[in-house]
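Novice: pasting the sequence and the predicted coordinates here, then a few questions.
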Amino acid sequence: MTYSPVPQQLFPPLPAEPAGPSTFRSLVTTASRLLWMGAAGGCHVGFQNAGYRGMYNVDLGRLRAMKGLAPGDGTLLDFMGKRELAANLFRLTETDAKLKADRVKGQAPAEGVAYAVGRKVRNMMIDTDGTRPELLPVEGNVKDVRKGLKQTAKALKQLDGPPKKARKKK
């Protein structure tokens, strides 16, 4: 199997302004899906898992268990904070760059690249402040945060009362 580079225009553009965790989650999810499809034809979980093993020192299933996430809780990305999401986006973009630069061919070599890049990101995070990525705190589920924001907006709207009618000029 040959790595099929993902066309650059398919990667979502980076936001011009600082983005919240929700924006980073969608950016990382999209980049992950596109890179996985390009590297593994979209059908090999081993490639995706290799990047997680490199960065977190455990496979994705064990990482989910360590963070207390049940199988039906959604993706791990839904519970990551900004630093962890940014590290994963960096891991994905650097994996893509390495696969392209080295013209990697085959599933096993692609997994090796994903693991090696994940390991480098892990080491950089540990060098920065001593925190291992797998020990970063679990954030609130983005779906619950969105629901809470909608409920708050609705409650505030009710407190404001009905919209005031504009007076007509005489």
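Specialist: Cool, got the structure. Everything quoted here is computed from the prediction, not taken from an experiment.

Novice: CA atoms for contacts and neighbours, from now on please.
Specialist: OK.

Novice: how many neighbours does the closest residue to P133 other than its chain neighbours have?
Specialist: Nearest residue to P133 in three dimensions, chain neighbours excluded: Y56, at 5.8 Å (CA to CA, 6 or more residues apart in numbering). Y56: 21 surrounding residues under other CA atoms under 10 Å.

Novice: now swap in T131 and tell me
Specialist: Neighbours around T131, by other CA under 10 Å: 14.

Novice: from D160, how far off is the residue nearest to P133?
Specialist: 47 Å (CA to CA, to the nearest Å).

Novice: using PDB, write out every CA atom in the one helix or strand I126 maps to.
Specialist: Taking DSSP states H and E as the definition, I126 sits inside helix 107-129. The C-alpha coordinates for helix 107-129 follow below in PDB (Å, rounded to 0.1, in the frame of the first residue of the first chain):
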ATOM      1  CA  GLN A 107       1.200   0.200   6.000                       C
ATOM      2  CA  ALA A 108       4.000  -0.800   8.400                       C
ATOM      3  CA  PRO A 109       6.300   2.000   7.400                       C
ATOM      4  CA  ALA A 110       3.400   4.500   7.700                       C
ATOM      5  CA  GLU A 111       2.600   3.300  11.200                       C
ATOM      6  CA  GLY A 112       6.300   3.600  12.100                       C
ATOM      7  CA  VAL A 113       6.300   7.200  11.000                       C
ATOM      8  CA  ALA A 114       3.100   7.900  12.900                       C
ATOM      9  CA  TYR A 115       4.600   6.300  16.100                       C
ATOM     10  CA  ALA A 116       7.900   8.200  15.700                       C
ATOM     11  CA  VAL A 117       6.300  11.600  15.300                       C
ATOM     12  CA  GLY A 118       4.000  10.900  18.200                       C
ATOM     13  CA  ARG A 119       7.000  10.000  20.300                       C
ATOM     14  CA  LYS A 120       8.700  13.300  19.400                       C
ATOM     15  CA  VAL A 121       5.600  15.300  20.400                       C
ATOM     16  CA  ARG A 122       5.400  13.400  23.600                       C
ATOM     17  CA  ASN A 123       9.000  14.200  24.500                       C
ATOM     18  CA  MET A 124       8.600  17.900  23.600                       C
ATOM     19  CA  MET A 125       5.600  18.100  26.000                       C
ATOM     20  CA  ILE A 126       7.500  16.400  28.800                       C
ATOM     21  CA  ASP A 127      10.500  18.700  28.200                       C
ATOM     22  CA  THR A 128       8.300  21.700  28.300                       C
ATOM     23  CA  ASP A 129       6.800  21.300  31.800                       C
END
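
Novice: would you check how far apart D102 and N88 are?
Specialist: Here D102 is placed at a distance of 21 Å from N88 (CA to CA).
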